[in-house]
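Sequence first, predicted model second:
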Amino acid sequence: MKVTLHATLDELDNVAHKIAELLPENAVIFLRGDLAAGKTTLTKALAKVKGCGHAVTSPTFSIQQVYEGGIFHYDLYQCPNEKFMAMGLLESLEAPGWHIIEWGDEALESLLRSLGFNVAVVEIVPEEGGRRYEVKVDA
């Protein structure tokens, strides 16, 4: 299933709720977009939907942050897939909840699909006045 949403920053909470309605209870969610497209900002909004009251920050240097409400946030910008697996993070994807991955590549996406994970991809594209969110969820 593919859904396209458009929003300004002020409308991001509404977009996060709509995306949340599309996602299964347990999913790996790849956020794709250029630098400063709003991947971490969307993660904050999705965490809020799941009831997370903690401050959500980018795990650029720690690679993974775990939050209440079953939110797992990964930043793979400087972490090749081999390092991700060597660190045991593939196994962490089995924990119940939403696993939100920034900068995950198509090879990792294909691997997770082949292993039976529920995978969603949100492509974030800046456009005049806001962002376009192209959401693809496995049916």
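Thanks, I have the structure now. Numbering: from 1, shown residues only.

Give me the residue at the spatial middle of this structure.
Note on the chain: the residue nearest the mean C-alpha position is residue 100, at 3.0 Å, using CA atoms, centre = their mean.

Pull out the buried positions in the helix or strand of the chain with the lowest mean pLDDT.
For the chain, using mean pLDDT, DSSP states H and E, the weakest element among its helices and strands is helix 81-86, scoring a mean of 77. The neighbour-count check on helix 81-86 (16 or more other CB atoms under 10 Å) flags residue 84 as buried. No exception for glycine: its C-beta is placed from N, CA and C like everyone else's.

what do you get for stretch 122-139?
122-124, 130-131, 133, 135-137.

who's in contact with that stretch?
With CB atoms under 8 Å, 6 or more residues apart in numbering as the test, stretch 122-139 has contacts from 1-9, 11, 15, 19, 22-24, 27, 29-34, 37-39, 42, 113, 118-121.

follow-up on the earlier one: is the residue nearest to the centre of the chain bridged to anything, and to what?
Beta-bridge pairing for residue 100 (DSSP bridges): residue 29, residue 73.

contacting residues around it?
29, 31, 43, 46, 71-74.

mind listing what residue 112 touches?
Residue 112 touches 28, 93, 119, counting by CB under 8 Å, 6+ apart.

The second one against residue 27, yeah?
Pointing back at residue 93 there. No - with contact defined as CB atoms under 8 Å, residue 93 does not reach residue 27; the gap is 9.9 Å.

if I look at those two, which residues touch both of them?
Both residue 93 and residue 27 are contacted by 99, 117, under the criterion CB under 8 Å, 6+ apart.

Which SSE is immediately downstream of the least confident helix or strand of the chain?
Once the chain leaves helix 81-86, the next helix or strand it forms, by DSSP states H and E, is helix 89-92.

what does that following helix contact?
Residues outside helix 89-92 that contact it (CB under 8 Å, 6+ apart) are 63-64, 72, 74, 84, 99.
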